[in-house]
Each structure stands twice: as structure tokens, then as C-alpha cells.
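Novice: for reference, the sequence and a predicted model appear below.
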Amino acid sequence: MSASAGDREPGTPLDNAKEETSGPTCSGENGKHDSAICSGVSEIKSRAVVKYSAAPPPASYALLQEKTDLKLPPANWLRENPQLGSAGTTLLGSSSKSKPFSSFGMAYDFIDCIGDDVDVVSDSENIKKLLKIPYSKSHVSMAVHRVGRTLLLDELDIQELFMRSSQTGDWTWLKDFYQRLIDQKWQRKKKSKEHWYQKAILSKFLYYSINGDGAAEPVSENLNEGEEENGAQEFCSSWPTAFTSTDAEETDSTKQESVSVDSQFALGQVTSVPKEQNLPTLFNEGENSQGLRNDFVRNIMWTFEDIHMLVGSNMPIFGGGRYPAVSLRLRDNNKPINILTGIDYWLDNLMCNVPELVMCFHVNGIVQKYEMIKTEDIPHLEKSTFSTRVVKDIAQNILSFLKSNCTKEGHTYWLFKASGSDIVKLYDLTTLCEEAEEDKCQNPFTLPVAVLLYKVASNLMLKARQNRKHYCTIRTLLLNCVKLLDQERHSQIIASAHYMLSELFQLDEPLEEDGGESLRAGGSEDSYSDEDREDEEEEEDEDLTEDSYDNGSYSNRSNQQDDSKAVAVIRSVGELSVPEKYKYTYQIRPSCAFPVSQDKEERCRHVLSYVLKGLKAVDSSIKKESDLPAADPNTPIPLKYEDRSANGTCAAEKGIALLLERVGPLQADQKHPTRSGMIPGSWQHRMKLQLFLKASKAYYVLSDAGTNLLKYGRALRYIKLSLQCYDAYCSVSGTLHPHVLQFNSQCLSLCGDIQLMLAQNANNRAAYLEEYNYQTKEDQEILHSLHRESSCQAFNMATDLAMDPEYQLIISCKCYEAAYELLVSRALKDHSSDQLAQVLKRLGNIRNEIGVYYMNQAAAMQTEKEVKTSVSIAEQEMWKKSFSFFEKGMKNFEAIGDNTNTALLLCNTGRLMRICAQAHCAIAADQNRGEFSPEEALYYNKAIDYYLRAMKTLASRESHPAVWDSVNWELSTTYFTLATLLQDYAPLSRKAQEQIEREVTEAMMKSLKYCDLQTESARQPLYQYRAATIHHRLASMYHSCFRNQVGDEHLRKQHRSLAELHYSKAVSLFLSLKDAPCELLRTLLERVAFAEFTMAGQSSSTAKLKSLTGAIEIMTETRHAFQLIHKELQEEQAGLSESDTAESAESPEGACGPASGLNLQEVMKLIGVFEPSFSFLLLQVIKLMTTTKRKPSNKDEELLKTYKNVYSKLLRAEKSAPLLSRVELYIELLQQLITQTGSDNTGTLKP
């Protein structure tokens, strides 16, 4: 019968609380793939879950009539019958022994259970043989393998192995070792005719018992001896020494052994395909027939006390009686049931969950009677009594013994007990093989064990994404798998294992793995061949005697010698019956921590080391270059020529063309072999794709980490390696999937980032060059593997370390452009809108950087020119380039709705317009500039337009305060500069004075409008200074207009009031600044001059006296300015030595000290204006007060006296006195006036 392994369903256990206490309530097989029945047999807890069954629901058995002759075959004999399974048609022709790899077949089918949930996986016959060790004298020879906490047990017919190896010459070391354990003279004992006779009548009995056939008529009696002999020959099991030959192909064994099993092996993509596609079919049908398939009729998850076992059973189960399931047994009435038979029957029923057995007794093949026995009564049968608790102790002791000593995953252990011996020994055949210096692949278990380790790891990889606790287990499994295999023979498994090891280390970008064609090979349905269980009656009789043994007699003479070779020894089988004699203490993986460092570079280095090993495995399986097919003479070889003589942008444009060709998605699948000779679609081809992509991602993460550490030379080297891996991937791959293109876009974006950082950090170029040129041996080897598939030149221009910042900026921009082209291509138009926004943002940023670079170049050209007569062509080219990049950058930011950055680029464009305006300022050789030109006005107005657009884009300060303040400041500055140039270099040749004054006033007021005096910020003092300066300039302009205006008295009064207003505001703002004494002093002196000019036009003495008194009050306000000057001079003096201080005081033209921002030349110039003006005011007021006809009051007399005193001191002041002394004098004199007049310089003028 056959059934698809994919149809198996996990068992669904039933509630068994009542059944364990009230007795066995069991259900027979119902044909479904899941059932769970629990039975409480005396004190033993047993629970069975049928994981899979190839048998139909049990049918009732036919009760044979008394005197039925079982020697006569029924009509349906040896015909295939689903009710009998393997106990039917092949009973005579199958081996009674377990196939050497039966546990592996079950493990492959139930991979979820392996490593964690199950203690033992084995044939039920092996389980029974182990549990009967203390009762039996027969030999035991089993292979034991460990995977996690699971042990796999298989029959190891050592003599059959030697019979096979005598033809191949393998395992000679084990043969010599084995012969030291037993007598030198041994021969295999052949089965007797009695044995085959008993097998034949059992087969006929089972066919007779099939319900529905009735009393089947017997056929011819002449079952000739030749047929029996043929059956005996077929009975001999064959040992597959190499996984390349079957019994029918023995003559071709040598030829077949040279064929690598990898030709039949295909590996799944462990992280990107569904589970059912993940576990590939390893062996073909010829290999499956050797025992690597799960060919049991049923697989059962049997829990015996606390031991969980996955067992395979072929026992036929029938319906009938009080229970729906019974087992049939045929017994010779002349032979009583002994302990071994009783244990055998009891364990079979427990494993298969059968509550009763039906015993048919015969004498010389003639049916005598039937007897029905409950399973729980079997241990109490007469002459077959045994303790179930002892059997439980035996099971627990054996399991503990094996788990404590079979500790190395991947090793083949041999559990051996010679016939007639009470000593059980455990050998590590893998270690013995290594000591014998023989090829490890001669061990027939090596490949199945390695594949099982690989399959378990593959299965755990599916769970690892949700639970990282599996990572350590997976790593251990895969490393042990790789240790077992030879790279030349099993390169595919090794490559895949290393790829999975690299997958364990999570990188920063959890991108989905290549969703391409699965690597899994299509396997046929699992079909189950038939095999009978061992009829041990003949062996039981021999076991209970000590005369002869199948495997020779045990020799004690080499006991001590061979004990040293054994891993562990059970000195007496009687120890197994002692409760808890052996305890399991060894932890196969004692809470091991997965070696994942927090350091990204270390994690990536682990990944790259595994990728390199995987690439080496793949490369070793590909033909050497000498074996590659010759080139087609009719096919031209494309040669790529790169002209490196050109430099700058031109070279970048040429080099980047190759990059743009490579980033495009490929369409046509490859049909021809690759550069190294790989065939597209082969496992090497698919594995290299995975490894190249993994390496590219690892290098990407390393590059990103280097960027974060500001190690830009290292980062550029790693992104170059990443793009070289991607280039090799493109050379091998026929089609680039969207997520691969998306990853390439990320690489190009990062490359653009690095080139930008290198351009901005030109000072460390030598260090970056050293980092860039460093290369590890591992990187060199990976690069060598890449060069087997590609020249890896496509991205060279993008990843070269250039010395020119302009070139680096252009390269950075081209990388972003290539990334953008990828993301908007047809393959990715529906993917990753977030990534597109990021690339557009980077593209806008780099275009802004290039625009700023060209703008600064233009500004530098202006500075270098001594005489500016006209704008050079080079400057104009810089303007055009800068403006073009600014415009493109704005479009990028507008595309993603980034108003803030759009405003910044508009602001930069405004600055560019101001530079253009400055370039049109004509300066003659004498450094005198001409009138304000129309070109200057044009560009300043354009700059204003761009700043206003930036303000409109931001909408309000709340959107981005910093950018808003910056734009606001630049706009105010532009208006102020425009007004200042119009005022200072008035274009009188083109415009009237009045028009210029209106334009200046308008520009000044707009600049004042954008002076934010209320918001507290770092720019607030600057705004205050600018507002004060604007008011001062406007006051000066209106002062000038008032002075020069003739005729229109109304206009003169307006100019006078405006001048007074702006002087008042300017003084108020300068007073609040605390750090502009010169500006304050100048403004006050101009205001005094304005008052003097007003007085000059007055004729009345009273009016003149009033004006003079007001002017003196304004003059007293200069005390605040002189106090600030005095403070700064003292600070300067304290910071200098006495001699330096004296020189500085005697030479007022000298520079101020480092701690002072005072312009001493300006101070001396203002003092030169202050003294005459102060003296003139005092003299005039003294004259008027003296000559007045009105009798002065006492107050006036005191005031006059003060004026005279101050005037006298001012006249007697030493003109050559130190500046500090003169300033102190002024402060003293002004203070006297304030005290006398009662005026306060901070009164009404206080802001």
C-alpha cells in the first residue's frame, strides 16, 4: 500500500484520565491518520497516538474450524491484501531484521518531533529487543545516533556489513576490531528448514484468517523446497554500504559508488518557502528501497511512563471480540509461552494500543483451539510471568544509559552485547574510524545522519523567526552536519548548511529572501514496502540454551583490552532491572548562548565567513576552467573601455553610464552557462544567487555601521564590496526580483550618502584613503569567488575614492538618481513608497549641496577679482549650474510635500540672487564703487521674491520655527541691503532724489517689518541692532531732507517730526542693546546737531534758550554711551600689561584688546565731534542766560554757575590726556549737569 507523506496528520490525543484508572478502553485502527488511546495496564502508564497508518480499518478475523490444516495454502495466499500489510505477501521473502535506516525514514517524515519532543525513534522490534536484554542471552547490535534529546536506534547487522565490505574493502578496521570481541572462527548460522516451515504456516494462517474469504480452499500442496530455499535467499537482508547501489546492482557497485548522492539531493529555501516545500526529498527510489524510507504500516507516538517514543510497527490488527481491535498469534501447542514471548506480545499490544490478543494453538499445523487474552493479563500467564514495573525500570535505565553516553550529535554509536554475555558495551564508531585514519564517508550512517541534522535545522528555521531560542540549536545541528560531510562529495548540503548558518545572524535589514524558484526537487509519493516482524520462537529456544549462538560464542580474553575502547559499559544486564540505576545527567546543549554580539561588524563577519565557506563548497563542485566549454568563435567578446583621462563631471558622466545599465531590471532568463560554467537552474546556480545576495547585504550593513562611526573610507570600501556582490548576482541571475532591486536601491542610496560625507570632510582624506585600501583575507577570497562569475566593474565609478569634492558630489547625485530610477521603474512602481520618499529627499539634499558648492565657487571668484568691471563667463556658468540644481532640488522636495526643505532651497536661491547682484557692482581701480545699478536692483528684487515664496511655503512660524526665523532674517537683510545701497550709492543719474528717498523709505520699512523684536531668540539682539540702525538711517535721511528742503514749509515740518521720531526710536533701541556705545553716541550727536540746526533758524532768545536747553539734555544722554566705553576700556586695560596699556592710551589709533569689541578710532573720531559740540552748547547757553533782561531766579543762577563750571573744566582739560581719563572727565561733567538740571537719560527715552 502507499500513501503520500504529505497526507499525514498529527495525532489528536483523547482525554485519558478515566481510562488510566478504570482499565483499558481501546479503539482499533480506523484508517485515519490520527488517534490517541491511553491504557492503564496495572501500574504502568501507556499512551499511544497513531501518527500515520497505511492500513484500512480493522476487519473481523475469520475463526478457523478445528482441524484446519495450515500446511495447505489458501487460494488467496501471497496475494497483496491491505488487511495484512507487510505480514502478508512478503512474509517469506522479507528480512526479519530491521532495515538499517528505518529510524531515519520515520525521522524524515515526522521532522517536527525530532530533537525536542521525542526521546527515541526506532522500529518496534528494536525497542522490544532492548527491553528484553536482561531476560535474553541473544546478541544485541544496534546503531545509536543522537539529535538533540532524540535517540535514533537501528539494527546494526555487523556480519552482513562485513559480508558486503569484503567486496568493497571498506570497514576493515571495524572487522578486525569485531573479531577481537568474539572467537576468531565464526560463521553465519543459516536458518533451518523448521524455521521456514514455521514462517510458512504463520503466513497461511493469517491469509486464512482474513474475513470474507470463508474457509479458503487449499491449493496444491507441493510447496517445493526450491521455493522455500528461494524464500530463504530472499530473506537475507542486504546492507547498503554505499548509498549508490541496490542488491540488483551489485555488479555495478564500484561504478555506482563514484556517483555523488548530491546529484539526487536538492535543498529548499529554508526561510522563504512554505513548510511542505522546505524539506526536500533526499534519496531516490533505489536508495529508499534500502531502508531510508518510512515503510512501516503505522507510525505511533508511544508514551511509556515518561518516555516518549516514535515507533514503527507492521503488526496486523483485526477486529472482533468485545473490543474493536485484537492481535492474532499462532502458537505450537507443544511449546509453552516463555517470558520472552510474553514480553514480546505485551509490548506489541501496548505499542499498537490493542486491548486483546487471540491465540490460535496448533499441533503440526492442525488447528486445535483459540484462546483470548487481555493485554493486561499477559504478564500473568503461566510460565510467562514478568513484572511490568521491572520492564519499566529497564526502559528507563537503558534510555538514561544511552542519553548519558551518546552525547555527540553526528557520531555513530554501537551498542553491542555478545551472545551469552551479560556485559553491554557502547562504542563510538566515529571516533574509532578517525583513529583508524579511514575515510569518514565509509561509515554508511554518515550521510543519513548529516541529512537528518540538516532537515531538523531546516525545520527549526521555520520557527526561528518567531522564537530566537532555536538559534543555538540550529547552529549546533548545522555545524555537526558539516563536520560529517566531505566537501567534494556533498558540496550541496555543505553550501546550504553554511547559507542557513549565515541566516541565523540577523542583520539590520530584514529583507525578504529571494522569492525565486524553489531549490526543492520534486519527490515521488512515499510508498511503503512490506516487512514482517521477527518470529522469535526459534531464537527464543536457542536463547534459553547455552549451546550455540547465531553470532559465535563470547570471548572473555579480550575483555579488558576492548573495555578501553568502549565509551561506556554495563557490567551486568541485571543492573538494568534496578530502579534508577542509571540517571541521565548530561545536557546535550546546556543553556548555550547563541554567539551574537551587539557589535554589527562582528555579526556581519560571522555571516561573511559562512558565506565564504558556502561559496567554496559551490565552487568546488563546478568544473574547473580547463573543463569549461570552448568559446564560440562566431560570438564576439564584448570589451569594455573606460577613458580615465578626463576628470571632473565629464568623467563621472561616462563612468556612471555603466552603473545605469546595471541597475535596470533584467528581463530575459539566462539559457547559457555562466562564466564559471554553471548551468542556469542548477543547484549551484541557485545557491550562488542566495550567497551573493547574503554577502551583499552583510557588506551593506558593515558600510552603514562605518558611516555611523564616521569611518567614511571604510564605509566606501564595504559598499563597494556590496555592489560587487550585487554585480556578480546580476551576472548569474536571469531575472531580478522586486525586493532585490529594492535592496540595490538602498545600496546606491548609501553609496550616495558616503560620497557626500567624503566631499564634506575633505580634511581627513588621507585617513579615509588608508581605510579604503585596507582589505582582509576573507574579503579577498570572497572577491575571488565573485570574479569567477563577473568582472565586478559595473559600479567602480560610483565607489572609487576621488580627491575632487565636486566629482564626489556629482557621483553622489548620480547614485541617488540611479536609486530613484530603480524605484520608479515598472518592476517597483507598486512597492516601497516610503523608500521612494527617502531617495527623493536625499536627491533634493544632494542637489542643494551641489547648488551651494557652485554658489560658493561663484562667490569666491568675486572675492579674487581686484577690479570688477564686468561679470565673467565663468561666474555666469557657476550661477547657471547652481540655479539648475536648486530648481531640481525644489521639485524633489515638492514631490514629497517637504515644505521645510523647499523653503530652504528657495532661501538658498535667494542668496544666489544676492551674489549675482553683488557681482554686478562695478568697482574701479581706486576701490570706489559707482551708483546702484539696475542689474543690482533686479537681482535683489528676485532674491526678495524667492524669500517671499519661502515664507509662503512655510505658511507660519509654527511649522518650523528655525527655518522660518532664518528666512525672515534673510528677507529683512535683503531689504536692508537694498535700502542701504540705494541710500549710500543713490542712482541720481537715473532717478530723482524724491523717488530715491521714497524707495529707501519703503525698503527700510519693509526690512523693519521683518525685524522680529518680540520673540526671544539668538537673533533678537541682531534684530534690535538692525531696527536701531534703520531708525538711525531714516532719521539721518529726514535730517538731511529737512536741512536741504527749501520753500515747502509743511514738508519741512513733516521731515522734522519724522527725524525726531526716528532719532528717538534709534536712541531707545541702542540704549537697550548695551553693546553699541559708538552707534548710540553717533546718533545722539546727530540729534544734537539736528537741534542746533533748528535753533539756528530761531530769532527769539527765549526760543533759542529753550532749544539750547533741550540740546544740552540730549547731550547729557551721552553719559550712558561714555559709561559703556569706559567699561570696555577698563576691561581692555586689565587684560594688558602696564606698558601695553600706556602705549594703547597714548596711541588711540591702536587696535582694541582681544576682550574688547570697541573701535578706538571710531571713539576718537566721535570724541572729536563731541567736545566742540558740547563746548559750543555750553558757551551759547551761558551767553543767553547772561544777557537776558529778565532777572534770573536762584535756580537759574545755580544752573548758570553749573554751566560755567562745566565749561571751565572742559576748556582746561588736557587734550593729550589718556583716553580713559578723558572719558572719565566727560562722565563727571555730564553727571554734574544731570544732577543740576534733574534730567535723566533713561527717562522718556527708556524703551
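Specialist: Good, I have the coordinates.
Novice: residues in contact with residue 841?
Specialist: 892, 893, 896, 898, 901 (CB atoms under 8 Å, 6 or more residues apart in numbering). Where you see a C-beta, it was placed from the backbone N, CA and C, and this is true even at glycine.
Novice: can you report how many residues neighbour the third one?
Specialist: Burial of residue 896 is recorded as 17 neighbouring residues (other CB atoms under 10 Å).
Novice: ok, it to residue 835 distance?
Specialist: Residue 896 sits 12 Å away from residue 835, going by CB to CB, to the nearest Å.
Novice: can I see the domain layout of the protein?
Specialist: Domains of the chain are assigned by the TED database as 46-184+293-435, 486-507+599-622+678-831, 1074-1133+1159-1235.
Novice: let me have those domains in TSV, adding mean neighbour count and distance to residue 204 as columns.
Specialist: Listed next are the domains of the chain as TSV, based on neighbours: other CB atoms under 10 Å; distance: least, CB to CB, whole Å:
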stretch	mean neighbour count	distance to residue 204
domain 46-184+293-435	20	5
domain 486-507+599-622+678-831	21	47
domain 1074-1133+1159-1235	17	121
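Novice: what are the buried residues along stretch 880-899?
Specialist: 881-883, 885-886, 888-890, 892-894, 896, 898-899 (16 or more other CB atoms under 10 Å).
Novice: just the CA atoms of it, as CSV, please.
Specialist: The C-alpha trace of stretch 880-899 is given here as CSV (Å, rounded to 0.1, in the frame of the first residue of the first chain):
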residue,chain,number,x,y,z
LYS,A,880,23.5,78.7,-14.1
LYS,A,881,24.7,75.3,-12.6
SER,A,882,23.8,76.4,-9.1
PHE,A,883,20.4,77.7,-10.1
SER,A,884,19.7,74.5,-12.1
PHE,A,885,20.5,72.2,-9.1
PHE,A,886,18.4,74.4,-6.8
GLU,A,887,15.4,74.2,-9.1
LYS,A,888,15.7,70.4,-9.4
GLY,A,889,16.1,70.0,-5.7
MET,A,890,12.9,72.1,-5.1
LYS,A,891,11.0,69.8,-7.4
ASN,A,892,12.2,66.7,-5.5
PHE,A,893,11.1,68.2,-2.2
GLU,A,894,7.8,69.4,-3.6
ALA,A,895,7.1,65.9,-4.9
ILE,A,896,7.1,64.5,-1.3
GLY,A,897,5.4,67.6,0.2
ASP,A,898,8.5,68.6,2.2
ASN,A,899,7.7,72.3,2.7
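Novice: let me see the mean pLDDT of that stretch.
Specialist: Stretch 880-899 shows a mean pLDDT of 94.
Novice: kindly report the same for stretch 1218-1238.
Specialist: pLDDT averaged over stretch 1218-1238 gives 83.
Novice: let's have the chain start at 12 instead
Specialist: Okay, using 12 as the starting number, the last item reads as stretch 1229-1249.
Novice: dump the contacts of residue 852 to TSV, plus distance to residue 998.
Specialist: Listed next are the contacts of residue 852 as TSV, based on distance: CB to CB, whole Å:
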residue	distance to residue 998
903	40
904	38
907	44
909	40
912	37
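Novice: closest one of these to residue 585?
Specialist: Ranked by distance to residue 585 (CB to CB), the contacts of residue 852 are led by residue 907 at 82.5 Å.
Novice: so what's the closest one up against?
Specialist: Taking CB under 8 Å, 6+ apart, we find residue 907 in contact with 848, 851, 852.
Novice: that one and residue 852: what is the separation?
Specialist: 6 Å.
Novice: what's the answer for residue 751, then?
Specialist: 23 Å.
Novice: pick out whichever of the contacts of residue 852 sits closest to residue 69.
Specialist: residue 907 (71.1 Å).
Novice: phi first, then psi, for the closest one.
Specialist: phi -110, psi 10 (degrees, to the nearest 10).
Novice: centre of the chain to the top helix by length along the chain, how far?
Specialist: Secondary structure of the chain read by DSSP state H shows that its longest helix is helix 844-875. Helix 844-875 has its C-alpha centroid displaced from the chain centroid by 31 Å (CA atoms, centre = their mean, to the nearest Å).
Novice: go through it and flag the buried ones.
Specialist: Applying 16+ other CB under 10 Å to helix 844-875 flags 846-847, 849-866, 868-870, 872-873 as buried.
Novice: before we move on, what SS does residue 1201 have?
Specialist: Secondary structure, DSSP: H, G, I helix; E, B strand; the rest coil: residue 1201 is coil.
Novice: report pLDDT for it.
Specialist: Turning to residue 1201, the model gives it a pLDDT of 72.
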